[in-house]
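[1] Sequence first, then the predicted structure:
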Protein chains: 2
Amino acid sequence: MELLKQKILDCGRALNDHVLLVDSFLNHQVDVKLMREVGREFARLFADADIDRVVTIESSGITPAAMTALEMDLPMVIMKKSVSSILNEGILQTDVFSFTKNAPYLLTLKSEFIHPGDRVLLIDDFLANGEACFGAARLLRQAGAQLAGIGIVIAKAFQPGLKKLRSAGYRVEVLAPVSRMDEGHIEFGDVK
Amino acid sequence: MELLKQKILDCGRALNDHVLLVDSFLNHQVDVKLMREVGREFARLFADADIDRVVTIESSGITPAAMTALEMDLPMVIMKKSVSSILNEGILQTDVFSFTKNAPYLLTLKSEFIHPGDRVLLIDDFLANGEACFGAARLLRQAGAQLAGIGIVIAKAFQPGLKKLRSAGYRVEVLAPVSRMDEGHIEFGDVK
């Protein structure tokens, strides 16, 4: 997606070969008009995938997922990273390790919001090691649903997540795959 | 907002006199089309307030805030509840006590995303005791900005937050103020 890549080049900042700062338009300050275009692009890419439900993981994936769900006229479901004190019955959970925070969290989904047989589109802002996506896939399998597609705004394609997900048979569409980066330098390119 | 109140009556569930479950359309599964209407209503209500920036607190406020920012053609800024390991310079922080989780958290904002003199509209999904709003107001004050309006999707108007915020001089608009509730019963009504 050219508009997004240009935004990353203009406003993103590679701090080193593994940290890409995009908090001025994606995950702290959010360019909602750009996210609207991101949602339209995901809706176009997955138009043939017969999706029933859009799912994301709190919290930076929520805006692009909401815009995708709006465009596809579908409900969105937010998988939670911790258990709320009023959320205690009929929940599915799985452990996910976050490399960003160097700590595990408990990915949580109330089973009533995913139906057996649902074809689910997972939208997330960032993909690096793929742990969150595999965790979401486990929860969806527990719910009897199918992860029919994964839409990622920015992927560090040189890290293992993207390859691992595709090797596992998942359809992954990345709007801005970063193939290489280093301080002050960003290159785009997908891995198949 | 009648559409929202009807949705609360149809799909919300008062578990007792203080817990209102709206996770089927607001904060776990999300009705994004309804949130689009919520955003339009906030944009209408605050059209005269000369707003520069829409702010919310992660994570359930993100969808209504994003839709509001989209409608008002403004950027959105998400105040974080914890410090990311790559977010460490130029940050403002304040302690907020969460009655829902019965624990404090550190509300965090990168100062570059709020400019001195900004007139800020804070959007959140829920208001009960008002701790999060007062925390956000403190951070905005530290940034030299002004909290020019607060838009709340659902307020438990019988709890102290709404009165306290209005007494402190803040303009608060609530789309669905709940004046009374108990198991299986919900009544609407604002407090002035």
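    Perfect, thanks for sending it.

[2] And the longest helix along chain A, what's buried?
    Ranked by number of residues, the top helix in chain A under DSSP state H is helix A:32-45. Using 16 or more other C-beta atoms under 10 Å in any protein chain shown as the test for burial, helix A:32-45 gives A:32, A:34-43, A:45. For glycine as for every other residue, the C-beta is placed from the backbone atoms N, C-alpha and C.

[3] tell me, which of the residues you listed make contact with chain B?
    Contacts with chain B within those, counted by C-beta under 8 Å from any C-beta of the partner chain: A:32, A:35-36.

[4] with the buried residues of helix A:32-45 in mind, which one is nearest to B:Q159?
    Distance to B:Q159, by C-beta to C-beta, is smallest for A:V32 among the buried residues of helix A:32-45, at 30.4 Å.

[5] Tell me if I'm right that that closest one and A:T63 touch.
    Yes - A:V32 is within contact range of A:T63, at 6.6 Å (criterion: C-beta atoms under 8 Å).

[6] Show me the common contact partners of those two, please.
    Residues touching both A:V32 and A:T63 by C-beta atoms under 8 Å, 6 or more residues apart in numbering or on different chains: B:66, B:76.

[7] most centrally placed residue in chain A?
    Geometric centre of chain A, nearest residue: A:D124, 1.4 Å, by C-alpha atoms, centre = their mean.

[8] For it, which non-adjacent residue is spatially closest?
    Leaving out its chain neighbours, the residue that sits closest to A:D124 by C-beta to C-beta, 6 or more residues apart in numbering or on different chains is A:G61, at 4.2 Å.

[9] residues touching that neighbour, list them.
    A:123-125.

[10] pLDDT value on A:I91, please?
    With respect to pLDDT, A:I91 has a value of 89.

[11] Kindly report the same for the one 5 residues further on.
    In this prediction, A:V96 carries a pLDDT score of 92.

[12] So it lies in a strand, does it not?
    Yes - assigned with DSSP: H, G, I helix; E, B strand; the rest coil, A:V96 falls within a strand.

[13] what pairs with it across the strands?
    Note on A:V96: beta-bridge partners A:Y105, judged by DSSP bridges.

[14] show me the residues around it that make contact.
    Contacts of A:V96 (C-beta under 8 Å, 6+ apart): A:104-107, A:131-132, A:134-135.

[15] Check the residues you listed and tell me the two furthest apart.
    A:L106 and A:F134 (14.6 Å).

[16] A:A176 touches A:F188, doesn't it?
    Yes - under the criterion of C-beta under 8 Å, A:A176 makes contact with A:F188 at 6.3 Å.

[17] Common neighbours of those two, please.
    Shared contacts of A:A176 and A:F188, counting by C-beta under 8 Å, 6+ apart, come down to A:K5.

[18] Settle it for me: which of those two has more neighbours?
    Set side by side, A:A176 and A:F188 show more neighbours around A:A176, with 26 against 18, by other C-beta atoms under 10 Å in any protein chain shown.

[19] Identify the residues contacting the helix or strand harbouring A:V77?
    Of the helices and strands defined by DSSP states H and E, A:V77 is found in strand A:76-79. When contacts are defined by C-beta under 8 Å, 6+ apart, strand A:76-79 is touched by residues A:53-58, A:62, A:65-66, A:68-69, A:107-109, A:113-114, A:136, A:139, B:27-30, B:32, B:59-60, B:63.

[20] quick one: low-confidence parts of chain A?
    Chain A contains residues with pLDDT under 70 at A:83-88, A:192.

[21] ok, which stretches of it are helices?
    Under DSSP H, chain A gives helices at A:2-11, A:32-45, A:62-72, A:131-142, A:160-167.

[22] Among these, which comes closest to A:S82?
    The nearest among the helices of chain A, by C-beta to C-beta, is helix A:131-142 at 13.5 Å.

[23] In that closest one, which residues are buried?
    Within helix A:131-142, the residues that count as buried by 16+ other C-beta under 10 Å are A:131-140.

[24] Does anything pack onto it? Which helices or strands?
    strand A:53-57, strand A:91-98, strand A:103-110, strand A:119-127, strand A:146-156, helix A:160-167 (3 or more C-beta pairs under 8 Å, 6 or more residues apart in numbering or on different chains; DSSP states H and E).

[25] can you give me the angle the third one makes with strand A:91-98?
    Calculated by axes from the mean of the first three to the mean of the last three C-alpha atoms, to 10 degrees, strand A:103-110 forms an angle of 150 degrees with strand A:91-98.

[26] For strand A:103-110, which outside residues touch it?
    A:57, A:77, A:79-83, A:87, A:90-98, A:132, A:135-136, A:139, A:143, B:23, B:28-29.

[27] Now the buried members of those.
    For those, buried by 16+ other C-beta under 10 Å: A:57, A:77, A:79-81, A:87, A:91-94, A:96, A:98, A:132, A:135-136, A:139, A:143, B:23, B:28-29.

[28] How about whichever residue of chain A sits closest to chain B, nearest residue that isn't a chain neighbour?
    As assessed by C-beta to the nearest C-beta, chain B sits closest to A:S59 within chain A, at 3.6 Å. Of all residues not flanking A:S59 in the chain, B:S59 sits nearest, at 3.6 Å (C-beta to C-beta, 6+ apart).

[29] Thank you kindly, that will do.
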